[in-house]
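Asker: Any chance you can model this:
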Amino acid sequence: MIEALIICISVLIITGTFFAKGRNKDKSGECSEELEKYYSLLEDKVPTQILYKQLILCAKRITEEANNIEDEKEKMYYLYMDRLISESWWSELKDRMKVLKNEKILIYGEAESIQQGFGEKIFELSKKLQEKKKSTKHHKDDDIFYKKKKEALERELYKKMCLQRGVTIK
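Answerer: The predicted model follows:
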């Protein structure tokens, strides 16, 4: 009786995992949200400037995501080589990169259909936007308030360490 129950439960678990894997495989054919927005704008026949801006946003998202995937690959490469990470995880990364390459080709083609030579400009502008975003990030070390706060916290920490050691502070 117990053996039959164990067999039934294991069969249910196995079939459940096959159904879950089947649902996840269909995601590779989907477009990103930005591309879907672009196509909806294209159907609404909005001016080309708006379409151009949407394509720039699409290109920016793709380059950001590609950079994230490359960073993830670099971090996990040695774990994969030591077989601490499964083959399916590594193939999922490769599939995500293929999807991004396909989206990049789509964006390039759509930009060229708007005007000849826009394909290259789109990705150049998206790179400039990313560089601008990086350069406009506020560096905390440059902020005077942050420096003063840091000094005050360092003094407090120094006092606490001296009190723990039994040293008096003048």
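Asker: How about the residue nearest to the spatial centre of the chain: what's its closest non-neighbour residue?
Answerer: Taking Cα atoms, centre = their mean, the centroid of the chain lies closest to Glu65, which sits 4.2 Å from it. Excluding its sequence neighbours, the residue lying closest to Glu65 (Cβ to Cβ, 6 or more residues apart in numbering) is Leu100, at 6.0 Å. (Glycine included, C-beta is placed from N, CA and C.)
Asker: isn't the one you found right up against Glu70?
Answerer: No. Applying Cβ atoms under 8 Å as the test, Leu100 and Glu70 come out as separate, 10.3 Å apart.
Asker: Tell me the residues that contact both of the two, please.
Answerer: Common contacts of Leu100 and Glu70 (Cβ atoms under 8 Å, 6 or more residues apart in numbering): none found.
Asker: Which segments of this protein make up each domain?
Answerer: Here the domain parsing of the chain from automatic domain parsing is 29-137, 140-170.
Asker: on that earlier part again, show me which of Leu100 and Glu70 is the more surrounded one.
Answerer: The neighbour count for Leu100 versus Glu70, taken as other Cβ atoms under 10 Å, is higher for Leu100 (17 against 12).
Asker: how far does the single longest helix found in the chain sit from the chain's center?
Answerer: Under DSSP state H, the helix in the chain containing the largest number of residues is helix 48-81. Distance of helix 48-81 from its chain centroid, counting by Cα atoms, centre = their mean, to the nearest Å, is 7 Å.
Asker: Give me the buried positions along that helix.
Answerer: For helix 48-81, a neighbour-count test (16 or more other Cβ atoms under 10 Å) marks 51-52, 54-63, 65-66 as buried.
Asker: For it, give the mean pLDDT please.
Answerer: What helix 48-81 shows for mean pLDDT is 86.
Asker: Next secondary structure element downstream of that helix?
Answerer: Downstream of helix 48-81, the first helix or strand assigned by DSSP states H and E is helix 87-114.
Asker: Which neighbouring elements make contact with that following helix?
Answerer: Secondary-structure packing of helix 87-114 (3 or more Cβ pairs under 8 Å, 6 or more residues apart in numbering; DSSP states H and E): helix 33-43, helix 48-81, helix 118-135.
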